[in-house]
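Colleague: dropping the sequence and predicted coords here.
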Amino acid sequence: MNIGIATTDAEIAACYPVMRELRPHTAEEDFLSMFQKQETPIYRLAFVRVPEGVVAVAGFRISENLAWGRFLYVDDLVTLPAHRSKGYGSKLLSWLKEFAVKEGCLQLHLDSGMQRKEAHRFYEHEGMTVAGLHFVENLAPE
């Protein structure tokens, strides 16, 4: 198992089939350009590659604010369904935590949709706690 940060177009493209599990509304032909818009300089994409290919990905960014200080925020974290419960998500989350510490982060944060009960159990099993609610209002015209 190898964990790294996708930096080449080929590595980013190899992450698409996994990311599609979490973000099915994102078309494959748009994925690379959407990633590149977010990437500079903030958004990064970590991945777990096994001999069969990429099986888990995490989109993340490092930021700083008054509420949390310096923190790592996980935008996306997903494992291919056929590879779940094999430790890849756990290894990737551990890698993210280590990366955050090396970068001087005080906390790791992520949001998860209310319907993602299995993901919530996973995060709690990994030592994370529910710290609040995320509110949203759609401002786009209908």
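Modeller: Perfect, thanks for sending it. Note that the structure is predicted; figures quoted are calculated from it, not measured. Residues are numbered from 1 along each chain as shown.
Colleague: doesn't Leu77 make contact with Gly89?
Modeller: Yes: using C-beta atoms under 8 Å, Gly89 is in contact with Leu77, at 7.0 Å. Where C-beta positions appear, they are placed from N, C-alpha and C, glycine not excepted.
Colleague: where does pLDDT dip in this structure?
Modeller: 38-41 (pLDDT under 70).
Colleague: ok, back up a step: need the overlap of contacts for Gly89 and Leu77.
Modeller: Common neighbours of Gly89 and Leu77, using C-beta atoms under 8 Å, 6 or more residues apart in numbering, are Ala56.
Colleague: for Ala10, what are phi and psi?
Modeller: phi -70, psi -40 (degrees, to the nearest 10).
Colleague: in this protein, what residue spans correspond to strands?
Modeller: 2-5, 44-50, 53-65, 69-79, 107-110 (DSSP state E).
Colleague: the third one: partners in the sheet, and parallel or antiparallel?
Modeller: Just to be clear, that refers to strand 53-65. Strands adjacent to strand 53-65 in the sheet, as given by DSSP bridges, are strand 44-50 (antiparallel), strand 69-79 (antiparallel).
Colleague: would you indicate which residues of that strand are buried?
Modeller: 54-60, 62 (16 or more other C-beta atoms under 10 Å).
Colleague: check contacts around Met34.
Modeller: Met34 neighbours (C-beta under 8 Å, 6+ apart): Thr26.
Colleague: ok, now how distant is it from Tyr16?
Modeller: 10 Å (C-beta to C-beta, to the nearest Å).
Colleague: show me where the protein has its helices.
Modeller: Ranges of helices in the chain, per DSSP state H, are 9-22, 28-39, 88-102, 117-125.
Colleague: quick one: contacts for Arg49?
Modeller: Here Arg49 is in contact with 1-4, 14, 55 (C-beta under 8 Å, 6+ apart).
Colleague: alright, I will stop here.
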